[in-house]
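> sequence unavailable; structure follows:
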């Protein structure tokens, strides 16, 4: 199974222990390929630096988390471009899904959730994914 987690889920995992536990279960499952690209990593780093998050995140925690992701994630060199999402800043996620042949895009972003299906990628919440695949 191939999935992509939106930045909002990674940030939630960094900030909150309960979300971190949920994401760790997915990270631990070696039957799941988790996609990323350089744009996602850059966005993750940028969001971590925003004042509303930076006050909760120690630089050492962020650095350790990013290292875990670099070792665990499968990086895609995206070639495709799309203009589909009502928030154009999220279109790069669709390109990762398309080029990486993702089965799922997990997100809490309504601009993406409204799409529901993009080529072969189902766009669902983390909770829906957990229920569907017995992670709950």
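The structure has been received and is ready for your questions. This one's a predicted model, so the numbers in the text were calculated from it and none came from an experiment.
> mean pLDDT per helix and strand in this protein: which one sits at the bottom?
helix 51-54 (a mean of 85; mean pLDDT, DSSP states H and E).
> ok, the residue nearest in space to the middle of the chain - contacts?
Closest to where the C-alpha atoms of the chain average out (C-alpha atoms, centre = their mean) is residue 5, at 1.9 Å. Residues in contact with residue 5, defined by C-beta atoms under 8 Å, 6 or more residues apart in numbering, are 23, 26, 34, 106-107, 126. To be clear about C-beta, it is placed using only N, CA and C from the backbone, and glycine gets the same treatment.
> buried sites along the very next helix or strand once past the least confident helix or strand of the chain?
The helix or strand immediately downstream of helix 51-54 is helix 59-72, counting by DSSP states H and E. Neighbour-count burial for helix 59-72, counted by 16 or more other C-beta atoms under 10 Å, picks out 62, 65-66, 69.
> what would these look like in JSON lines with distance to residue 83 and pLDDT?
Putting the buried residues of helix 59-72 into JSON lines (distance: C-beta to C-beta, whole Å; pLDDT from 0 to 100) gives the following:
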{"residue": "62", "distance to residue 83": "32", "pLDDT": "89"}
{"residue": "65", "distance to residue 83": "31", "pLDDT": "90"}
{"residue": "66", "distance to residue 83": "29", "pLDDT": "92"}
{"residue": "69", "distance to residue 83": "28", "pLDDT": "93"}
